[in-house]
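Enquirer: With the input below, show me the fold.
(one chain, ligands or ions: 1)
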Amino acid sequence: LRRNNGCSIRLSRRSEKRGERGLPDITWRSALRWARAQLELAGISRPGMEAEYLARPGIGAPPVALLNAERTPSVCLWRRYVEVIQRRAAREPIAYIRGETEFYSLVFYVNPDVLIPRPETETLVDAVRDRANSMPPGPVLELGAGSGAVSVALAVHIPDRPFVLTDISGAVLQVARINAGRHGVKDRMSFAVGDLYGPVTGSCFAAVVSNPPYVRSADLAGLPPEIRQCEPISALDGGADGLKFLRRIARAAPRHLRRGGVLALETGAGQARRVAEFCRDFVGEDVQILHDLAGHERVVVSRYE
Ligand SMILES: C[S@@+](CC[C@H](N)C(=O)[O-])C[C@H]1O[C@@H](n2cnc3c(N)ncnc32)[C@H](O)[C@@H]1O
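Expert: Below is the predicted model:
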């Protein structure tokens, strides 16, 4: 295998025949150097770190390979490593390559059907978790549940409360089901495919929580390639002003909240104050804006009185 970036690695016929016995022309040191060069060429900002990270167990090499850089990888591990480096060089997010990501200190299965849960969304979980004891009895509704990360994290920390998860896509909810099963909370969850509150018409909840699509349509083209090319557009596109879903969710919230119930919404950059106005108009005067760990206004919480 040759690359024209000054870093070539040769997989000879003779080596291939040796199969699992190793590749005499390659060491883990040279493999990492090759991978780093590939990622650098692709514009990845921390190529060395990612080259090593992608050589971890479950992806490529067992740890021993990294401890002893002069060892030769087996053909099988080398092929796997080449494949993941090529996928990353094509700007596929690491979470899709690994098939998992961490959120709220829990590991979630992800695939390209779902948005990769983001650290800032942990603020949305905190907002509901912190109010769990003051909410009326009854289930929590999540609109646009995606991988299920928000509801699963809440269910792990709020015992006994049932959850209803909706999403426009059945494939997405399949991922949420898997994650609910992984974390032992599936028996408290129900899943319904449909447009926002459509599948729960006529039902009222203790809380409605959502991280809906909120990127302005015109901004989609400027997103990094990892997001633009790989993550589902249906999880991102919030319409002309980015507020299409946030506005619809707030307007219909009073028909789906019990008295004293909580509406918690994640918002994008510069949207929180506008969303707080909808909440005051549609839900009630008790509205708060919460900041994420980076200090950005991120979540709007209101209480239906
Ligand atoms: C930004 S993602 C959030 C996913 C997950 N809750 C999270 O925080 O990681 C938005 C989700 O809303 C879903 N969605 C888009 N339009 C929808 C609609 N009209 N009704 C219900 N869900 C919708 C998408 O499929 C996607 O899973």
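
Enquirer: pLDDT weak spots in this protein?
Expert: Applying pLDDT under 70 to the chain flags the ranges 1-24, 57-66.

Enquirer: what does it put close to the ligand?
Expert: Taking C-beta under 6 Å from any ligand atom as the criterion, the chain approaches the ligand at residues 115, 117, 121, 143-147, 149-150, 166-169, 172, 195-196, 211-213, 234-235. In short, each C-beta sits where N, CA and C put it, glycine included.

Enquirer: Just the ones in helices from those residues, please.
Expert: 149-150, 172 (DSSP state H).

Enquirer: Who wins on neighbours among the residues you listed?
Expert: When neighbours are counted by other C-beta atoms under 10 Å, residue 149 leads those with 31 neighbours.

Enquirer: Would you check that that residue makes contact with residue 116?
Expert: No - here residue 149 does not reach residue 116: they are 9.1 Å apart, not a contact under C-beta atoms under 8 Å.

Enquirer: Now the common contact residues for the two.
Expert: Residues touching both residue 149 and residue 116 by C-beta atoms under 8 Å, 6 or more residues apart in numbering: none at all.

Enquirer: circling back to that earlier point, compile the ones in helices among the residues of the chain next to the ligand into a markdown table and extend it with columns for distance to residue 284.
Expert: A markdown table is the format used below for these (distance: C-beta to C-beta, whole Å):
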| residue | distance to residue 284 |
| --- | --- |
| 149 | 28 |
| 150 | 23 |
| 172 | 31 |
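
Enquirer: Residue 139 contacts residue 164, doesn't it?
Expert: Yes - contact criterion C-beta under 8 Å: residue 139 and residue 164 qualify, at 5.5 Å.

Enquirer: give the contact list for the residue lying closest to residue 216 once chain neighbours are set aside.
Expert: Distances taken as C-beta to C-beta, 6 or more residues apart in numbering put residue 242 closest to residue 216, at 4.1 Å, once the chain neighbours are dropped. The contact partners of residue 242, by C-beta under 8 Å, 6+ apart, come to 214-217, 219, 268, 271.

Enquirer: for residue 242, helix, strand, or coil?
Expert: In terms of secondary structure, residue 242 is coil; the call rests on DSSP: H, G, I helix; E, B strand; the rest coil.

Enquirer: wait, doesn't residue 120 sit right on residue 295?
Expert: No - with contacts defined as C-beta under 8 Å, residue 120 does not count as touching residue 295, sitting 10.6 Å away.

Enquirer: Looking at those two, which is more packed in?
Expert: Neighbour count, other C-beta under 10 Å: between residue 120 and residue 295, residue 120 has more, with 17 against 7.

Enquirer: check contacts around the more buried one.
Expert: Counted by C-beta under 8 Å, 6+ apart, residue 120 has contacts 266, 292-294, 296, 298.

Enquirer: Looking at those residues, which are in helices?
Expert: Short answer: the contacts of residue 120 have none in helices (DSSP H).

Enquirer: Of the residues you listed, just the buried ones, PyMOL syntax please.
Expert: PyMOL command restricting those to the buried ones, with burial defined by 16 or more other C-beta atoms under 10 Å:
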select buried, resi 266+292+298
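
Enquirer: closest to the ligand among the contacts of residue 120?
Expert: Closest approach between the contacts of residue 120 and the ligand, by C-beta to the nearest ligand atom: residue 266, at 6.9 Å.

Enquirer: what's the spacing between that closest one and residue 223?
Expert: Distance, residue 266 to residue 223, using C-beta to C-beta, to the nearest Å: 17 Å.

Enquirer: Likewise for residue 130?
Expert: Distance, residue 130 to residue 223, by C-beta to C-beta: 31 Å.

Enquirer: now swap in residue 234 and tell me
Expert: 14 Å.

Enquirer: and the residue nearest to residue 125 when sequence neighbours are not counted, helix, strand or coil?
Expert: Counting by C-beta to C-beta, 6+ apart, residue 153 is the residue found nearest to residue 125 once chain neighbours are left out, at 4.8 Å. Following three-state DSSP, residue 153 is assigned to helix.

Enquirer: show me where this protein has helices.
Expert: Using DSSP H, helices in the chain cover 13-18, 28-41, 47-53, 63-67, 75-89, 94-98, 122-131, 149-157, 170-182, 225-230, 244-252, 272-282.

Enquirer: now for the last one, which elements pack on it?
Expert: Pointing back at helix 272-282 there. helix 244-252, strand 257-266, strand 287-291, strand 297-303 (3 or more C-beta pairs under 8 Å, 6 or more residues apart in numbering; DSSP states H and E).

Enquirer: cool, and the second one?
Expert: Helices and strands in packing contact with helix 28-41 are listed as helix 47-53, helix 75-89; criterion 3+ C-beta pairs under 8 Å, 6+ apart.
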